[in-house]
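Colleague: Please find the sequence and the predicted model below.
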Amino acid sequence: MRKQKKSYLKSQNLKIFGQGKLNGIVQISGAKNSALVLLAASLLTNEKIILENVPFLTDIEKMGNILKNLGVDLVDKNSQLEINPTNISIKELPYELVNGLRASFFCIGALLTKFGEAQVPLPGGCNIGSRPIEEHINGLIALGADIFIEEGIVKAKIRGNKNKLHGTHIKLNCPSVGATETLIMAASLAEGRTTIKNAAREPEVQDLCQMLNKMGAKIYDSGKETIIIDGVNKLSGCTHKVIPDRIEAGTFLIAAAATSSSITVSPVIPHHLEAVTNKLQESGSKITIKGNSISIKGIEIKGVDIETAPFPGFPTDLQAPFTALMTIANGESKITETIFENRMNHIHLLNRMGARISLNKNVAHIKGVKKISGMNLVGSDLRSSAALIIAGIIAKGRSKFYGLEHLDRGYENFELKLKNLGIKIIREINKSTFEKNGYKGKPKSEDLSKLKAA
Ligand code: EPZ
């Protein structure tokens, strides 16, 4: 993987000059939530996988380290990863690498179905919720696994002396993205047919199915309510390009609406963002779609209600950025988070900036105000961090954002892209930390943004 730099993110911050305007075209990176599961899926074959358009993110580096720890050979050629899983020798994921990267749990399905066993630490909860895994576990048991949890490690083994899982009919209680992906990977090498009812329909799940079918899998109706997987004996290598990140694209569109700016985001797959562009239009922005690009002209900001939902509904990952937009809308709005139980961590800081938001459990009622004021801001998860940075750009006066260890997990060169669109934003590091760790001379913000967390 790309050479890891020591983590400086805790001693770094972004200085944001408010009342900014965005202008121009922003290049959208490959989707984090697709690249992560495609890396896990590479465990299903003995042959080389070439992944293109992989974003440079700390979560991707962590997943790469997990694969390397299993014996996978990874060659990082900028946004292209060559993955060679021929010499996998270990089936246990190491706790210290897995901790804090929920997507690593999705490896359990691939390891179990390929090697007959797997040991994966329980994924911890995080700032947005408890993040349970019973849908993954129950599905694997239905496919013929014995699973028990010992000292925080999920130990899975194919039942009896069989060397293959067996196809079955699974109905998910909730359309979990991760559980759908885990079970698709497990079923791809099982004996016979598996159906997954109430499956997640997210584009990242569909991207996984596209890559697996390129590898020789037989998966039908991805993106529909019931996915069908006919198990095969083996999967081959392939070359696959990661789809564009719809959440990154939506974040920039929302930032443009919030600053009454005109920008274009590209490449995107427009229908991946339909729920978001519809809401931005309802709120008063002008949206133009041309091929693989979406242009927005922020004109006015009317208060609109959103309720997050599984795809194709409004994505939970854009709830926080959209809330930031609604703080300065004309009129009232209601934001309802239905996916995660604790994903309103940005509200209290938005209120301290001058927003008027009343929160009742997962429902925020917002009365739009004329302006909010800059201040010191601390992100608590990936998407609330993006929301607070948008708030800093909207605000009157300067803000400092802390919590880059969250931001750099999911947004590639976020502040550089904003700077290229005309926003005055600087990544700062306190000089002593910089020199103490062997870097000489005054840090330049362009260099700093290449410093990534371990
Ligand atoms: C994926 O998480 C994404 N992460 C999340 O993106 C995204 O917010 C989420 O899907 C929803 O779209 C990756 O793909 C790596 P879920 P995942 O299982 O799979 C409940 C970001 O910011 N649930 O669809 O963990 C769960 O508690 C991240 O990029 C169960 O109850 O999400 C939650 O309430 C954040 N039991 C809901 O389902 C289970 O066994 C959705 O979770 C599994 C999930």
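Modeller: Sure, I can see it.
Colleague: Taking the chain, what residue is nearest to the ligand?
Modeller: Residue of the chain nearest the ligand, by Cβ to the nearest ligand atom: Gly178 (2.8 Å). In this view, the C-beta of every residue, glycine as well, is placed from N, C-alpha and C.
Colleague: Within the helices and strands, which one has that residue?
Modeller: Here Gly178 sits within helix 177-188, counting by DSSP states H and E.
Colleague: That helix packs against which elements?
Modeller: Applying 3 or more Cβ pairs under 8 Å, 6 or more residues apart in numbering; DSSP states H and E, we find helix 177-188 packed against helix 32-41, helix 107-115, helix 134-142, strand 193-197, helix 203-214, strand 226-230.
Colleague: pLDDT averaged over it - what is it?
Modeller: For helix 177-188, mean pLDDT is 98.
Colleague: any idea how far that helix is from the chain center?
Modeller: 17 Å (Cα atoms, centre = their mean, to the nearest Å).
Colleague: Then stretch 292-307?
Modeller: The answer for stretch 292-307 is 22 Å, by Cα atoms, centre = their mean.
Colleague: and it, which residues are buried?
Modeller: 293-296, 298, 301, 303-304, 306 (16 or more other Cβ atoms under 10 Å).
Colleague: for stretch 418-433, same thing?
Modeller: Neighbour count says stretch 418-433 has 418-419, 421, 423, 425-427, 429 buried, by 16+ other Cβ under 10 Å.
Colleague: what's the farthest-apart pair in these?
Modeller: Among the buried residues of stretch 418-433, the pair separated by the greatest distance (Cβ to Cβ) is Leu421 and Ile429, at 22.8 Å.
Colleague: quick revisit: the helix holding Gly178 vs strand 226-230, what angle?
Modeller: 30 degrees (axes from the mean of the first three to the mean of the last three Cα atoms, to 10 degrees).
Colleague: related to what we said a few turns ago, what's the pLDDT at the residue nearest to the residue of the chain closest to the ligand when sequence neighbours are not counted?
Modeller: In space, and not counting its chain neighbours, Gly178 is closest to Phe106: 5.5 Å by Cβ to Cβ, 6 or more residues apart in numbering. At Phe106, the model reports a pLDDT of 92.
Colleague: so how far is Asp76 from Phe106?
Modeller: Distance of Phe106 to Asp76, computed by Cβ to Cβ, to the nearest Å: 21 Å.
Colleague: Same check on Leu44?
Modeller: From Leu44 to Asp76 the distance is 21 Å (Cβ to Cβ).
Colleague: Comparing these two, which shows the higher neighbour count?
Modeller: Leu44 (25 against 17; other Cβ atoms under 10 Å).
Colleague: Hmm, the more buried one is touching Met211, no?
Modeller: No - contact criterion Cβ atoms under 8 Å: Leu44 and Met211 do not qualify, at 9.9 Å.
Colleague: Contact residues of the stretch 251-400 of the chain facing the ligand?
Modeller: Contact residues, the stretch 251-400 of the chain versus the ligand (Cβ under 6 Å from any ligand atom): 316-317, 339-340, 382-383.
Colleague: Among these, which one sits closest to Ile60?
Modeller: Distances from Ile60 to those, taken by Cβ to Cβ, are shortest for Leu382, at 13.2 Å.
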